[in-house]
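J.: could you work out the structure for the sequence below:
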Amino acid sequence: MNRRPRILFFADGGPEIGGGHVMRCLTLARALGERADCAFAATPVVRRLIETFGPAGIEALDAPEATVEQVRALADAYRPDWLVIDHYRLTRADESALRAPGRRLMVMDDLADRPRDCDLLLDPGYGRSAEDYRGLVPQGAQVLAGPRYALVRPEFAAIREQALARRGEGPVRRVLVSLGLTDFGGVTGRVVKALLPVLGEVELDIALGSAAPSLGALKALTDPRISLHVDAADMARLTAQADLAIGAGGSSTWERACLGLPGVTVILADNQRDLALRMQANGLTVAVDGADEAFEARLREVFERLVEDAGLRGAGSVRLAELCDGLGVVRAAEVMLLASDPGRLSKEPDF
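T.: Predicted coordinates for the structure are as follows:
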């Protein structure tokens, strides 16, 4: 190519969906940024996430309702080499409508539950393989599957060795509570309220967004064991220094895995259930369903068990670290950039 590749991202986000789709696209945009120009089809919610967490140089192109028609018009004007789609609510027909000559489609998926129209599909799910998409993607499409391709921010990989070196050392002193920026249904407040009676001397680092429903009540607490981190830019540090996590089952799963941080996965949506339960079955986490009537009691039970059982924590830490080395975003970016050289889409980086 005579010009730098252009990448346009179409990621869903909002109070019901959360910010995970946008955040992992921002991670990929950062990895591409030195060698490509990146832009997002941006609703007001997506624009705020870009302004708060995005790297410099990302363009936010107005798409107020984020309809397929609006994104198609943006793409026709921006003329991207890649259109990256991270959106559960689009159909294969919607994706086909976004095609154009010279424009490749990349799709992010976690479910392998419906046909997709794409040239490249990325699904970092635990145990996922290209075979899961046989018949669901066009012939010739490439599938990057499994935690090897998890889109983890580079600051996590940068402190991985340091974080892993301290795992299994001593008792639990700090617990990271991170259940998504949007704090769906006020789940962060529910978790903190459930843990306070059994916390002992353990300290909580609570990460959530500035619009989180739980934020007001958490700010009102005067417990010295609690530290609030609003729109935290240092999640890698918070994850590295924690001894245990209470986390959601989305993209942050792989950030915790990269740093070998064991803990509890709270299931907040049906599309998180399969991943969390499969990881639990293999000793990688303990899953607790946020919709369960006995959620608070179950959470206290598993929290106390993990705090008391260093062997359980240590085994989970080792298995998690083996899953994800934090370099998946570099691998995915390389595959996309190599595609600018005709005939090389089928090549993958050998690291």
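J.: now the strands for the stretch 201-350 of the chain?
T.: 203-208, 226-230, 244-248, 263-267, 286-289 (DSSP state E, counting those that start in this stretch).
J.: which residues touch the last one?
T.: Which is strand 286-289. For strand 286-289, contacts defined as CB atoms under 8 Å, 6 or more residues apart in numbering pick out 249, 263-267, 273, 276-277, 279-280, 295, 298-299, 302, 305-306. In this view, the C-beta of every residue, glycine as well, is placed from N, C-alpha and C.
J.: so for it, what's the average pLDDT?
T.: Across strand 286-289, the average pLDDT comes to 96.
J.: now swap in the third one and tell me
T.: The average pLDDT for strand 244-248 rounds to 97.
J.: which regions of the stretch 1-150 of the chain sit below the pLDDT cut-off?
T.: For the stretch 1-150 of the chain, the stretches with pLDDT under 70 are 1-2.
J.: kindly recompute the last result at 50.
T.: Applying pLDDT under 50 to the stretch 1-150 of the chain picks out residues 1.
J.: can you count the residues close to Asp94?
T.: The number of residues packed near Asp94 is 17, by other CB atoms under 10 Å.
J.: try the one 3 residues further on
T.: Other residues near Ala97 number 15, with proximity taken as other CB under 10 Å.
J.: can you list the buried residues in stretch 210-227?
T.: For stretch 210-227, burial by neighbour count (16 or more other CB atoms under 10 Å) applies to Ala212, Pro213, Ser214, Leu215, Leu218, Leu221, Ile226.
J.: please identify which pair of those residues lies farthest apart.
T.: With CB to CB as the measure, no two of the buried residues of stretch 210-227 lie farther apart than Pro213 and Ile226, at 17.0 Å.
J.: quick one: Gly189 from Leu215, how far?
T.: According to CB to CB, to the nearest Å, Gly189 and Leu215 sit 9 Å apart.
J.: mutual contacts of those two, please.
T.: With contacts defined as CB under 8 Å, 6+ apart, the residues shared by Gly189 and Leu215 are Asp183.
J.: so which of the strands of the stretch 201-350 of the chain gets nearest Ala100?
T.: Nearest of the strands of the stretch 201-350 of the chain (CB to CB): strand 244-248, 35.5 Å.
J.: which residues touch Thr52?
T.: With CB under 8 Å, 6+ apart, Thr52 has these contacts: Asp231.
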